[in-house]
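**Q** Build me a model:
(one chain, ligands or ions: 1)
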Amino acid sequence: MTNPDGELVGVDASLRVRAVLEGEFVNDVPPPVRTPWRRQAVNWWRCSPRVPLWAKDRVHAVQAVKDLVVAVLRSPFRFMGAVVRGLVVAVRWWRSWVTVRDYREAAEQSEKLADKFTDIRELTLFRWKVTGAIVLTVAVVVAVLDLVYGHRVFWIAGVVVAVALAILGRRKDGSPGRKAVLAGPRTLTWTMDPQVLVDAFRDAKLIGKDETLRLVDRATRRGEGWAITVDLPATRKAADVVKHREALASALAVDEIQLSVERVRGNGGHAGRVAMWVADEDPYAKPPIRTPLLGVHRWDAWRPVPFGTDARGRRIDLPLVWTSVLIGAIPRQGKTMAERLAAAGLILDPHTRLYVADFKNGKDWKAAEQVAHRFMSGDDSEHVLAFLDWLVELVADVQGRYRRMQDLDDLTCPESKVTPDMSRDPSLDMPITALVVDEVQIPLEDRTPVEVQGKKLTAGEYIGELLTWLAKKAPAAGVILVLATQRPDSKTIPSSLRAVLGSRFALRVMDWRDSNIILGEQMNTRGYDSSRLLPSHKGVGILRPDGETQAGVDVLALIVRTFYMPNEDWREICQRGRALREAEGTLTGHAAGQTAQPVLDHASVAKAIGKGTPVPADTERVDEIALPEPLASVADYLADGLANDDGRDFVPTAELVDALGVEPKGFGLDMSAFGCRPTRDRVPTEDGMKQVRGYAIADIRAAIERVRDAAVIEAEMIDDDQ
Ligand SMILES: Nc1ncnc2c1ncn2[C@@H]1O[C@H](COP(=O)(O)OP(=O)(O)OP(=O)(O)O)[C@@H](O)[C@H]1O
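**A** Got it, this is the predicted structure:
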């Protein structure tokens, strides 16, 4: 209901709205909302550079209180120090006054000391007298006051003199006093005195003589060390400080392993803002930490896997899905441990399929046999060729996945990438699949000849090409490569393969070149060189992650100490992985006891990676190579004996000469030319056992192999020349 003015009546006044007259302009934009003054004040308080940091947040407030307590506790000692310094300064001043040093020096300089000697002596005498008179007067006055007012006069006089001396002897820029030749330890003095930090930056040539730093965040206790954030002078770059970390560590008198320097990026940072953290002691000298995976029942392969801790003790997780990992180091530095950590997270996800190839042929990977879809341990040619088949199988699998993704709707598969739901859907058959290879240099260096599209190449070369293709194409389809190598040189790991391996972890290597091969070009010039890590720091390496870690999304690389996972923990994790797979019904392949080998479509795989059908140089193919005489006739005659180890290991020369119808002397010379020298052995005859001359079957077999290998290599060289 409205009154004649158009206002609502009988309604709460707060809800009353004035009626809108016809043709009246109505502004739809709501009136600006006024921020309450209280919030304004809080915002101002938080953002104002005038309000000290300790009044803004708890961490800094706690640190300020700690600093205050320390300052109060140290104050008596500092006061005493200042008094002693003041006394020294006062005595020095008095000595120079009483000996008229300035006058004497001026006379000396103008070579008129002899003329002025009498004046100087008189003045000295006079000043001694003045000194004596003052001392006497002061003594008399104090004695009289003492008689009148009691002993407190002594105390008051003492305190006044001490305060005066302390003021005189206080530390300040340009304060008088000698500088110690051997100054005390520099370590941590910078936390109390920012000037020491500025000097360290100057000494390390990170800032100029006339430049200074600006404190962003005062020194605060973080973990087991001190953290501080500073701004460099304009035009100086934080990246240079990261690069010259070692010089700064020297200037701060700490081992460089104790000093962590990061550029602060993003909103709160800029190109000249540096966050430093200095550990109290070597952060890697402590006992290693066991992997947190032991405490979990299962893991999700899509979550980054707990990998290790950085110097500050922050846990660093390694993202694995959609990337590939290369781990490199010289022997016994913790490569296998690091690789097993990455694999452990995947093992604890029952929807993950694992291919484990252990070319180290040790027991480190044995436990993975119970969960792996494919597993092998060995370093012979047969293992390398079987590995080649795995790669062909994986390439075909990846191709199949991409083909099937084309038919999926956008809801299930929004991009040409496997999603968590897709990877867990058994009907799609696209589980996260990890190919874990230890000592990958062994298959990559293998020289077993294979033929691909009519072209002969070594198994190692073909494996390199297949791995490169997989590293490029497979991660998005959910197939991950985790490769570890003991020989990170450019010949072993082709640069085309390295270029597509997203995450790198370099434990200690011999020199910066090897470090760059693992971490990437120029990484040593950016301050990341794993050859500088200490041999005693097992499991410590430089991680260059592909994706975000706890250290931040923009961190290029960081030093990480991997978690410790001895064999017993590893076995425990593999057993859990098996139990999980059994429960989910995802146990397949080798682990499930299925021995069926994959049906390989070599032709289409070779076509996909730009090659033809690979044909392993098996016995049949090698047999096709024509042997020279008389080796060919010997091989024909001994055909069965050579192929099968049927118990005969010696053939008499007389038997061969008879059977082949050759001249004995010439036959002996020809066989020697192939490296087959006659020996003596006992053979059964009609007259019993008799010692005769002849050839060991093993020697003949070796000679045939040598000739065939030489023929294959020659063919390769001709191919290469073409
Ligand atoms: N994070 C770690 N903390 C403490 N010790 C570790 C760590 N990682 C590895 N180690 C120790 O380092 C040694 C070598 O480890 P590992 O076998 O993993 O090295 P590797 O580089 O694979 O050796 P190889 O080249 O012989 O295969 C082992 O004795 C292991 O206990």
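
**Q** for the ligand, what are the nearby residues on the stretch 251-400 of the chain?
**A** Applying C-beta under 6 Å from any ligand atom, we find that the stretch 251-400 of the chain lies next to the ligand at 288, 329, 331, 332, 333, 334, 335, 336, 337, 360. In this view, the C-beta of every residue, glycine as well, is placed from N, C-alpha and C.

**Q** and the residue lying closest to the second one once chain neighbours are set aside, what does it touch?
**A** Leaving out its chain neighbours, the residue that sits closest to residue 329 by C-beta to C-beta, 6 or more residues apart in numbering is residue 507, at 3.3 Å. Residue 507 makes contact with 327-330, 333-335, 338, 530, 533, 539-541, according to C-beta atoms under 8 Å, 6 or more residues apart in numbering.

**Q** mind putting the residues of the stretch 251-400 of the chain next to the ligand in TSV, distance to residue 665 and neighbour count included?
**A** TSV is the format used below for these (distance: C-beta to C-beta, whole Å; neighbours: other C-beta atoms under 10 Å):
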residue	distance to residue 665	neighbour count
288	71	19
329	58	28
331	53	9
332	56	12
333	60	24
334	62	24
335	58	26
336	58	22
337	63	23
360	51	19
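
**Q** pLDDT and secondary structure added to the residues you listed, as a markdown table?
**A** Listed next are those as a markdown table, based on pLDDT from 0 to 100; DSSP: H, G, I helix; E, B strand; the rest coil:
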| residue | pLDDT | secondary structure |
| --- | --- | --- |
| 288 | 87 | coil |
| 329 | 92 | coil |
| 331 | 90 | coil |
| 332 | 89 | coil |
| 333 | 91 | coil |
| 334 | 91 | coil |
| 335 | 93 | helix |
| 336 | 93 | helix |
| 337 | 93 | helix |
| 360 | 90 | coil |
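
**Q** The residues you listed: which two are farthest apart?
**A** The most widely separated members of those are 288 and 360, with 21.4 Å between them, by C-beta to C-beta.

**Q** Residue of this protein closest to the ligand, please.
**A** Taking C-beta to the nearest ligand atom, the ligand has its nearest neighbour within the chain at residue 539, 2.3 Å off.

**Q** dump the residue contacts of that residue.
**A** Residues near residue 539 by C-beta under 8 Å, 6+ apart: 288, 308, 333, 334, 337, 338, 507, 561, 562, 564.

**Q** Show me where the stretch 451-600 of the chain has its helices.
**A** 459-473, 495-498, 512-519, 567-584 (DSSP state H, counting those that start in this stretch).

**Q** What average pLDDT does the first one get?
**A** It stands for helix 459-473. Averaging pLDDT along helix 459-473 yields 91.

**Q** how far does it sit from the chain's center?
**A** Distance of helix 459-473 from its chain centroid, counting by C-alpha atoms, centre = their mean, to the nearest Å, is 25 Å.

**Q** other SSEs contacting that helix?
**A** Applying 3 or more C-beta pairs under 8 Å, 6 or more residues apart in numbering; DSSP states H and E, we find helix 459-473 packed against helix 381-407, helix 441-445, strand 449-452, strand 479-485, helix 495-498.

**Q** Show me the one of these that comes nearest residue 241.
**A** Proximity to residue 241 (C-beta to C-beta) singles out helix 495-498 among these, at 28.5 Å.

**Q** Get me the contact residues on this protein for the ligand.
**A** Counting by C-beta under 6 Å from any ligand atom, the chain sits next to the ligand at 288, 329, 331-337, 360, 486, 538-539, 561-562, 564.

**Q** need the helices and strands packed on helix 459-473 in CSV with mean pLDDT, can you?
**A** Converted to CSV, these look like this (pLDDT from 0 to 100):
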stretch, mean pLDDT
helix 381-407, 91
helix 441-445, 92
strand 449-452, 83
strand 479-485, 94
helix 495-498, 83
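
**Q** So which of those is the most surrounded?
**A** strand 479-485 (a mean of 25; mean count of other C-beta atoms under 10 Å).

**Q** phi, psi of the residue nearest to residue 329?
**A** Phi and psi for residue 507, reported as degrees, to the nearest 10, are phi -80, psi -170.

**Q** sorry, back to before: would you list the helices of the stretch 451-600 of the chain in CSV and tack on distance to residue 682?
**A** Output for the helices of the stretch 451-600 of the chain, formatted as CSV (distance: least, C-beta to C-beta, whole Å):
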stretch, distance to residue 682
helix 459-473, 42
helix 495-498, 55
helix 512-519, 55
helix 567-584, 50
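
**Q** Ok, which of the ones you listed comes nearest residue 442?
**A** For the helices of the stretch 451-600 of the chain, distance to residue 442 was read as C-beta to C-beta. The smallest value, 8.8 Å, belongs to helix 459-473.

**Q** Give me the angle between that closest one and helix 381-407.
**A** Angle of helix 459-473 versus helix 381-407, following axes from the mean of the first three to the mean of the last three C-alpha atoms, to 10 degrees, is 20 degrees.

**Q** Residues in contact with helix 459-473: which ones?
**A** If you take C-beta under 8 Å, 6+ apart as the criterion, helix 459-473 is touched by 324, 381, 384-385, 387-388, 391-392, 394-395, 398, 402, 435, 440, 443-450, 452, 479, 481, 483, 494, 496-497, 500-501, 605, 608-611, 614, 616.

**Q** residues contacting residue 670?
**A** 629, 630.

**Q** For the nearest residue to residue 584 once chain neighbours are set aside, give me the pLDDT.
**A** Spatial nearest neighbour of residue 584, excluding adjacent residues (C-beta to C-beta, 6+ apart): residue 350 at 4.2 Å. With respect to pLDDT, residue 350 has a value of 94.
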